[in-house]
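[1] Give the three-dimensional model of this entry:
(3 chains)
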Amino acid sequence: MSEHIMSSKLYYGIWIALMCLTVITAAVSFVDLGPFNTIVALVIATFKALLVVLFFMHVKYTSEKLTKAVIISSIFWLFILLALSLADYSTRLFS
Amino acid sequence: MSDSPIAMETHGPELRHHFSSVEQQRDAASLGMWVFLATEIMFFGGMFCAYLIYRYWYYNEFAAGSRSIDIYLGTINTAVLICSSLTVALGVRAAQMGKRKLLVFLLLVTIVFGLAFLGIKGVEWYQKYEEHHVPGNSFNVDDIIHDYPQIHIDPRHEQIFFSLYFAMTGLHALHMIIGVGIFAFLAYKAWRSAYSPKYYTPVEIGGLYWHFVDIVWIYLFPLLYLIDRKPLR
Amino acid sequence: MATAAVMAERENYLNKEYGIRSWLLTTDHKRIALLYLISITFFFFIGGFFALLIRLELLTPAGDLVQADTYNKLFTMHGQIMVFFFLIPSIPAVLGNFLVPLMIGAKDLAFPRINLLSWYLYIIAGIMMLHCIVTGGVDTGWTFYTPFSTAFSNTKVIEAGLAIFVAGFSSILTGLNFVVTIHRMRAPGMTWSRLPLFIWAHYATSIIQLLGTPVLAITLVLVVFERAFNLGIFDPTRGGDPLLFQHLFWFYSHPAVYIMILPSMGVVTEIIPCFARKRIFGYKFVAASSIGIAVLGFLVWAHHMFVAGISLYSAMIFSLLSYLVAVPSAIKVFNWTATLFKGSITFSTPMLYAFGFIGLFTMGGLTGLFLAALGIDVHVTDTYFVIAHFHYIMVGGAVMGYLAGMHYWWPKISGRMYPEWLGKFAALIVFLGFNLTFFPQFLLGYMGMPRRYWQYPPEFQVLNVLSTAGSTILAVGYVLPMIYFLWSMRYGEPAPDNPWGASGLEWTIQSPPTTFNFEETPEVTWEAYDYEHIPAPEEVPVER
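    Numbers count the residues shown, from 1 in each chain, chains lettered A, B, ... in the order given. Reported below is the predicted structural model:
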């Protein structure tokens, strides 16, 4: 972890962003966007998660590439589980 | 790489003997926590996989079940956790700057937020219990079926939704409880002046754990509460 | 070579402190390795006992030794104990724990207390498992398939599931410790490309342990919940999918087999260069293939489900990926062979086991390709062909690698030499016993004998009798090293620092090592497997 001390203003800014995004995601769910409701909700969630990871968990300011490698690998591995399982379920001819 | 010459005997008591420097120890602790969080991603990930498959199969039941859980409490809880992540981040910063009293205060506020989250979750679970939506022998979703006359809701599939709802939020709550315990320990140690700008690693890695638990909720919230909130025609 | 008297008096990690507290509260990775050694050997006996009962039942076509339900329990618990309580910990928890810090020039693992916690979790899991066994056992097969395990079995599924859940955490923490140690605690000059390939193998193994085991953990939690609260997640009559359980289960359990084989491969990669007096051929390829196995191993799990009901499309994908995963393993075999070519070969006991590994692992691996072919799999799945396949890899491969490593590093671990002639004799018995036990099972499976059946048609009896006879010989072969290793601790010849003339930092320190391993942190300026510059020891006879 880096020794870089973050400004508390930045933390408050991220906090406000996260709170706004929370309200937005809840509000948007009442609007009919068809199949995009799910996508919008997940995109907002991912953006919130990124804010937490990059700023609250200091990943943006670390010089340690290994940290980023661990994060990306674990997300990729989860993706393997989800994608290859879904490959079976979505191609079954029976329900 | 973390290769440093052999430690000279000018380190504090926190340096464990098998490490050659404080930096190496901190880097090891940090990497250890990140790797542990990777395992937690896979741990929760298994349930996300089950959720994904059954939502794909039983979208109607999942949507109906999602509507029956309280979006207001869920949103408030999300906000509570975000506030707690703020106090955690500010706490780590306080540790970095050697502000002991501020650190203890922020750790305690974090615990309060965590307990508030658990309390609200308890209220939500109790609501489900009263509505007979808890899987098991008294499971009954006639009320949900009644709300959706135009869609066929199979109660057995609805039970799968609620099984996953309780399993996922339950596992998350368990991690919150552990987090509260960890932060209580950190608050105690901080009050006893165990941490300084030269050594605040436990606060840092405890913070990483807490943020991770927050991130899991950031995903659980839309996946469980916001499946389909469109106004019913 | 120092005299026996001097060797016995030197302070080392074994004689530094005495008493049960100094062992049960140790954080010394070497002592923890020995704690694991004793524990896994204990479970090996129990798992082996179940195996012998199975083989005894199968001596005759009729089901006459035990009831059918009991037989189900025997093969279930044989599998669970051997997989979770013996094979998965074996090399990493014993040899890995002992050697990883030594090989990289560190004083201990990154988190010694977590290392001890790993062992305690293993013991707690073991006690839970033992309790489960003596109060009735479990009969679902080690694979816990639903809905039998969740809705129909009336055996102790919850307890077994929870025991394995706890054992899984032991495994995860060991993996975590190794990854952080290898990244952060290498001595100056010990770059990634100078690491012994044993370390690369354990790094790859640890990645699998870290990313796969949590999925098993959550799957077992769901099975326990389903059973305890009557949920229906895996119950087809209530909309659940039994295949979802299988997907989640095999997502871990397939990579688990690579947890079991990669460390053995690492052991073999240390032994071959030493007893061929040649550096390993293709270091980078061997290192990369370890990582390749770890990654590709996660992409093939549904080849255990070809006939279970997955879509044909995904079956084809998984079949193709299963063929791909054989490539890095084959690369290793080619590299070992190339290392041996024009080497100056000594047929020491570790080398005999290493040869056995290469041959038997290759056979097991090739038969895996048979199983990866969809058309053949339909014919031989759930028969003894599969059983023979995985025993060739897990016993002919992993266990032989484990024995090879135990013999190779025994002088370092104990400070004593084992009797070489007995070692060679036992290796021969193991090899003969193993082949007699398991080769007939390939034939049985191909001829159609199903697995997990406690009786069979009479035409299969001859091969079954051969297999049982082999298993008793194999048992003798396993017991012999236990006896002479114990014997050697008191009566064996004191071992020098480097009896094999091997390369590696662990051979530069005394046998047995001191508690803190290195008096001064070593500075590494040479490449691994520097055999041109290391003289062969005179004591090891050179045989061509």
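[2] For the rest of this, base every contact and every neighbour count on C-alpha atoms.
    Fine.
[3] Can you name the residues of chain B that neighbour chain C?
    B:1-6, B:18-19, B:24, B:27-28, B:31-32, B:35-36, B:38-40, B:42-47, B:50, B:135-136, B:156-157, B:159-160, B:163 (C-alpha under 8 Å from any C-alpha of the partner chain).
[4] where along chain B do the helices fall?
    B:22-57, B:59-67, B:71-96, B:100-130, B:142-147, B:155-191, B:201-220 (DSSP state H).
[5] can you give me how far the third one is from the chain middle?
    Taking C-alpha atoms, centre = their mean, to the nearest Å, one finds the center of helix B:71-96 at 11 Å from the center of the full chain.
[6] Leaving out sequence neighbours, find the closest residue to the residue in the stretch 401-544 of chain C that chain A sits nearest to.
    Closest approach between the stretch 401-544 of chain C and chain A, counting by C-alpha to the nearest C-alpha: C:Val524, at 23.2 Å. Once flanking residues are discounted, C:Val524 sits nearest to C:Gly189: 4.5 Å by C-alpha to C-alpha, 6 or more residues apart in numbering or on different chains.
[7] For that neighbour, grab the count of nearby residues.
    16 (other C-alpha atoms under 10 Å in any protein chain shown).
[8] what sits against it?
    Residues near C:Gly189 by C-alpha atoms under 8 Å, 6 or more residues apart in numbering or on different chains: C:Glu523, C:Val524, C:Thr525.
[9] Need phi/psi at it.
    phi 90, psi -10 (degrees, to the nearest 10).
[10] Residues of chain B that sit close to chain A?
    Checking chain B against chain A by C-alpha under 8 Å from any C-alpha, the hits are B:27, B:30-31, B:34-35, B:38-39, B:41-42, B:45-46, B:49, B:52-53, B:57, B:71, B:75, B:78-79, B:82-83, B:85-86, B:89-90, B:93, B:96, B:207-208, B:211, B:215, B:218-219, B:222, B:226-231.
[11] can you list the domain ranges for chain A.
    Per automatic domain parsing, the structural domains of chain A span A:1-62, A:64-95.
[12] Could I get the buried residue list for stretch B:98-115?
    Neighbour-count burial for stretch B:98-115, counted by 16 or more other C-alpha atoms under 10 Å in any protein chain shown, picks out B:98-100, B:102-111, B:113-115.
[13] Repeat that for stretch C:39-57.
    Here stretch C:39-57 shows C:39-40, C:43-48, C:50-57 as buried, counting by 16+ other C-alpha under 10 Å.
[14] So which residues make contact with it?
    By C-alpha under 8 Å, 6+ apart, stretch C:39-57 touches C:63-66, C:71, C:74-75, C:77-79, C:81-82, C:85-86, C:89-90, C:123, C:454, C:464, C:467-468, C:471-472.
[15] C:Ser193 is in contact with the residue of the stretch 401-544 of chain C closest to chain A, correct?
    No. Counting by C-alpha atoms under 8 Å, C:Val524 stays clear of C:Ser193, with 11.7 Å between them.
[16] Please identify which of these two sits among more neighbours.
    In this view C:Val524 and C:Ser193 are compared by other C-alpha under 10 Å, and C:Val524 has more residues nearby, 17 against 13.
[17] For that one, report the pLDDT, please.
    Note for C:Val524: predicted pLDDT of 90.
[18] and what of the one 5 residues further on?
    The model reports C:Tyr529 with a pLDDT of 90.
[19] Spit out the contact partners of it.
    Here C:Tyr529 is in contact with C:Pro196, C:Pro273, C:Cys274, C:Lys278, C:Arg279, C:Ile280, C:Ser503, C:Gly504 (criterion: C-alpha under 8 Å, 6+ apart).
[20] Name the residue of chain A with the shortest distance to chain B.
    A:Phe30 (4.7 Å).
[21] That residue is in what secondary structure piece?
    Using DSSP states H and E, A:Phe30 sits within no helix or strand.
[22] re earlier: now render the contacts of C:Tyr529 as a markdown table, adding distance to C:Gly423.
    Below are the contacts of C:Tyr529 laid out as a markdown table (distance: C-alpha to C-alpha, whole Å):
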| residue | distance to C:Gly423 |
| --- | --- |
| C:Pro196 | 25 |
| C:Pro273 | 20 |
| C:Cys274 | 18 |
| C:Lys278 | 23 |
| C:Arg279 | 25 |
| C:Ile280 | 25 |
| C:Ser503 | 22 |
| C:Gly504 | 23 |
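[23] can you count the residues close to residue 55?
    If you meant another chain, say so; for now it's chain A. There are 17 residues near A:Phe55, going by other C-alpha under 10 Å.
[24] Switch to chain B, please.
    Count around B:Arg55 with other C-alpha under 10 Å applied: 19.
[25] Am I right that it is in contact with B:Ser66?
    No. With contacts counted by C-alpha under 8 Å, B:Arg55 stays clear of B:Ser66, the gap being 10.9 Å.
[26] and the residue of chain B nearest chain C?
    Going by C-alpha to the nearest C-alpha, chain C is nearest to B:Phe43 of chain B, at 4.5 Å.
[27] Find the nearest non-adjacent residue to that residue, please.
    Nearest to B:Phe43 is C:Pro214, by C-alpha to C-alpha, 6+ apart, at 4.5 Å.
[28] Quick check: the one you found vs C:Phe169, distance?
    Applying C-alpha to C-alpha, to the nearest Å, the value for C:Pro214 to C:Phe169 is 8 Å.
[29] the more surrounded of the two?
    Neighbour totals were compared for C:Pro214 and C:Phe169, and C:Pro214 leads with 26 against 21 (other C-alpha under 10 Å).
[30] what sits against that one?
    Contacts of C:Pro214 by C-alpha under 8 Å, 6+ apart are B:Thr39, B:Glu40, B:Met42, B:Phe43, C:Gly168, C:Ile172.
[31] now swap in C:Tyr145 and tell me
    Contacts for C:Tyr145 (C-alpha under 8 Å, 6+ apart) come out as C:Pro242, C:Phe245, C:Gln246.
[32] What does it show for phi and psi?
    Torsion angles, degrees, to the nearest 10, at C:Tyr145: phi -60, psi 140.
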